[in-house]
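1. Here's my sequence, what's the structure:
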Amino acid sequence: MIHKSKPLSGAIGKIARALMLAGVTAWLALGPHSQAIAAGEMSQDQFDKRIHDYILAHPEVIMEALQSLDARQREAAAKEAKAALAAKADEIFRDPASPVGGNAEGNVTMVEFFDYNCPYCRQVAPIMAQAVAADPQLRIVYKEFPILGPDSVFAAKAALAAQRQGKYVEFHKALYDARTRVTEAVVLKVAAEVGLDILRLKTDMQLPDIQAAIEKNTQLAQALKISGTPGFVVGDQIFPGATDLATMKKLIEQARSSK
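-> I've put the predicted structure just below:
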């Protein structure tokens, strides 16, 4: 995954102050000193000292607050992703620029965001092939999402260019079957092996709409909160990360039964 969290120390500082404000205020109101010292009479130094002492006496509240904040952030992100899924359904499931595998007329669509140099994508590729073989009504939409450097971008552009020669799925599979880092040299070698016109491939890779397709996929992934590869969308479910065949079949059946 490539998601980067905000520095923990900064989060702790912000949370601690808000949390301790409530905690110390309650302590002052209920504690034995409430008659002698009111919160409004404390200097900033006194208040900061009370916060410091409270944290030392109750360090567990910091972790509890961080866990609560993390849960709230994940819940909010999930809601935003579901809203984006509903609003951008056509772009996700029916974008003509996205290659399609499996049964193009199938009654359930599984969308994959992937990078050819992602080891987890390579791991899940044969599982997806098994899912397609087991389900004649499964439609696959491939979203090129090259996040692992220039080699990945080159491979993604080559794959989209291969689509113009009617060999996307064959080329896609062959890149994973190479069982090595997908460099420019590997891409061109595999392209020749599957019978692609290399000169045409290189020319088509430079077309603006191929770059635009990759940029659109990146924007969709961001909207869906998919920060790494692979990432799947099946029905109204967004599933980040590699998975096994049983889980994949379960997601597919849930999507089918919800129609």
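2. Looking at the residue most central in space within the chain now. What's its pLDDT?
-> Geometric centre of the chain, nearest residue: residue 226, 1.7 Å, by Cα atoms, centre = their mean. Predicted confidence (pLDDT) for residue 226: 95.
3. Repeat that for the one 10 residues further on.
-> Taken from the predicted model, the pLDDT recorded for residue 236 is 93.
4. Just give the number of residues close to it.
-> Neighbour count for residue 236, taken as other Cβ atoms under 10 Å: 12. C-beta coordinates here come from the backbone N, C-alpha and C atoms, glycine included.
5. Now do the same contact list for it.
-> 82, 85, 86, 255, 258 (Cβ atoms under 8 Å, 6 or more residues apart in numbering).
6. Which one (most neighbours) among the residues you listed?
-> Busiest of those [other Cβ under 10 Å] is residue 85, holding 21 neighbours.
7. Do a quick rundown of the strands in the stretch 101-250 of the chain.
-> Remark: strands assigned in the stretch 101-250 of the chain by DSSP state E, counting those that start in this stretch are 108-114, 138-144, 231-234, 237-240.
8. which ones are touching the nearest residue to residue 258 once chain neighbours are set aside?
-> If the residues on either side of it in the chain are set aside, residue 258 comes closest to residue 235, at 5.8 Å by Cβ to Cβ, 6 or more residues apart in numbering. Residue 235 is in contact with 108, 251, 254, 255, 256, 258, counting by Cβ under 8 Å, 6+ apart.
9. swap in residue 256?
-> By Cβ under 8 Å, 6+ apart, the contact set of residue 256 is 107, 108, 137, 235.
10. quick revisit: save the strands of the stretch 101-250 of the chain as JSON lines, and put in mean neighbour count too.
-> JSON lines is the format used below for those (neighbours: other Cβ atoms under 10 Å):
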{"stretch": "strand 108-114", "mean neighbour count": "24"}
{"stretch": "strand 138-144", "mean neighbour count": "23"}
{"stretch": "strand 231-234", "mean neighbour count": "24"}
{"stretch": "strand 237-240", "mean neighbour count": "18"}
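11. For the ones you listed, please prepare TSV with the additional fields distance to residue 168.
-> As requested, the strands of the stretch 101-250 of the chain are exported to TSV (distance: least, Cβ to Cβ, whole Å):
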stretch	distance to residue 168
strand 108-114	13
strand 138-144	7
strand 231-234	19
strand 237-240	23
